[in-house]
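Chemist: Sequence and predicted structure below; questions after.
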Amino acid sequence: MPSSPLTRRRFHLSTAAAAASLALPALAQNSWPNRPIRIVVPYTPGGFTDQMARLVQLGLQQRLGQPVLIDNRPGANSLIGVDAVAKAAPDGSTFGVVIAAYAANTSLYAGKLPYDPRKDLMGVSLMGVSPLLAAVNNDAPFKTGRQLIDYARANPGKISFGSSGNGSAAHLTTELWKALTKTYMVHVPYRGAVPALTDLMGGQVQLFFDAPTGLINQARAGKIRLIGVAGEQRLPAVPDVPTFIEQGFAGFTGSTWAGMLAPAGTPPGVVQRMADEVARIIKSDETRARLDAMGTFPAGSTPQEFDAFITAETTKWGQVIKTAGVKAE
């Protein structure tokens with residue numbers, strides 16, 4: 001029985017509607033961005049994470065043609081800010097910049113996170129990696145990494161090390177070094193890097209690992225002594241400071257890093273475009289020079305590479321947390 005004109009019209013309308021619905025994600029990606037972009041930083045202004053976010057802010061505004069706003073959401077060892085990203089609409093208007101603590105928190109707060117890092121978030125790009133520097137008090141009876149470990153073995157518990165908090169990159173890197181060298185040093189957690197550095201200079205603690213950007217100027221001013229880089233190569237900003245690998249501590253590396261995340265479900269084309277733009281900015285000569293001064297190696301990865309990097313970091317620091325018995329504050 002032939003279909004009526006009305007039936008045929010309904011068929012064509014339904015087919016057109018289906019085609020339109022399939023085209024919506026592509027249309028959204030092609031028109032992105034069409035509104036201001038927010039980058040959530042789960043820490044206070046001025047620190048490494050904030051610096052890295054602001055490093056790409058202006059370039060993104062110029063390349064994307066929309067305002068890019070930095071939204072600092074500190075608290076709870078970055079959980080508040082990351083949760084804000086995880087719960088944001090996946091429409092390409094919200095991103096977040098995180099550091100190594102993001103990977104450590106998966107184990108540190110296992111079963112207690114307000115978000116699921118595997119289901120609620122997705123990687124955009126690894127922006128830069130900053131191997132930690134180890135600094136000691138000027139009056140400490142050791143001037144190299146090897147001398148410090150020899151002293152620690154001869155005097156168990158007499159070396160105290162500061163950190164910017166339980167589960168921070170500084171804390172876990174020192175715990176990894178303790179495990180590799182089979183030494184016992186006392187952990188003194190602080191609420192941030194500034195008070196830890198202040199007590200290092202005052203002699204209340206003898207050792208402190210931190211991102212280079214927080215230590216280089218103090219070392220140049222003669223207020224602390226740098227004894228090693230927890231990376232595979234020396235830093236251009238402090239070329240005279242040897243790596244711990246050079247000093248005989250094979251395989252010992254620990255770093256903080258900065259990377260951009262998006263809420264899960266953000267259109268793949270949007271995520272890829274943001275990753276491409278971040279990479280172009282990070283790899284530019286101007287940005288590389290600023291990163292060199294910060295003791296940070298530029299990255300600019302694909303979303304897939306960053307997801308794989310996060311998985312590896314989560315595994316590495318999860319094992320350190322388990323071995324050292326680190327507990328959340």
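Modeler: Sure, I can see it. On a predicted model such as this, the values are computed, not experimentally measured, just so you know. Numbering: from 1, shown residues only.

Chemist: contacting residues for the closest residue to Ile224 other than its chain neighbours?
Modeler: In space, Ile224 comes closest to Ala135 once its chain neighbours are excluded; the distance is 4.4 Å by CB to CB, 6 or more residues apart in numbering. Backbone N, C-alpha and C define where each C-beta goes, glycine included. By CB atoms under 8 Å, 6 or more residues apart in numbering, the contact set of Ala135 is 197, 200, 207-210, 215, 218-219, 224-227.

Chemist: Can you name the element that comes right after the helix or strand harbouring Ala135?
Modeler: Take DSSP states H and E as the rule and Ala135 turns out to sit in strand 133-136. Using DSSP H and E, the helix or strand that directly follows strand 133-136 along the chain is helix 145-154.

Chemist: didn't Ala237 look like it was pressed against Phe297?
Modeler: No. Using CB atoms under 8 Å, Ala237 makes no contact with Phe297, being 11.0 Å away.

Chemist: picking up where we left off before, give me the buried positions along the strand holding Ala135.
Modeler: Buried residues in strand 133-136, defined by neighbour count with 16 or more other CB atoms under 10 Å: 133-136.

Chemist: next one: stretch 220-240
Modeler: Residues of stretch 220-240 classed as buried: 224-231, 235, 237-238 (neighbour count, 16+ other CB under 10 Å).

Chemist: Touching it from outside, list them.
Modeler: With contact meaning CB under 8 Å, 6+ apart, stretch 220-240 is reached by 131-138, 140, 142-145, 148, 173, 177, 197, 200-201, 208-209, 212, 215-216, 218-219, 241-245, 247, 252-255, 292-295.

Chemist: In PyMOL, how would I select just the buried ones from those residues?
Modeler: Restricted to buried positions by 16+ other CB under 10 Å, the PyMOL selection for the contacts of stretch 220-240 reads:
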select buried, resi 131+132+133+134+135+136+137+140+142+144+145+148+173+177+197+200+201+208+209+212+215+216+218+219+241+242+243+244+245+247+252+253+254+255+294+295
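
Chemist: residues near Leu69, how many?
Modeler: Leu69 has 12 neighbouring residues, counting by other CB atoms under 10 Å.

Chemist: Specify the beta-bridge partners of the residue nearest to Ile224.
Modeler: When bridges are called by DSSP bridges, Ala135 pairs up with Phe208, Leu226.

Chemist: Where do the helices of the stretch 1-150 of the chain begin and end?
Modeler: Here the stretch 1-150 of the chain has its helices, by DSSP state H, counting those that start in this stretch, at 5-31, 48-64, 79-86, 100-108, 145-154.

Chemist: could you give me the average pLDDT of the fourth one?
Modeler: Mean pLDDT, helix 100-108: 93.

Chemist: So for stretch 298-315, mean pLDDT?
Modeler: On average, the pLDDT along stretch 298-315 is 96.

Chemist: Contacts for that stretch, please.
Modeler: 100, 102-104, 106-107, 117, 122-129, 257, 259-260, 271-272, 275, 278-283, 287-288, 291.

Chemist: circling back to that earlier point, any idea which of the contacts of Ala135 is closest to Leu79?
Modeler: Of all the contacts of Ala135, Leu79 sits closest to Asp210, with 21.3 Å by CB to CB.
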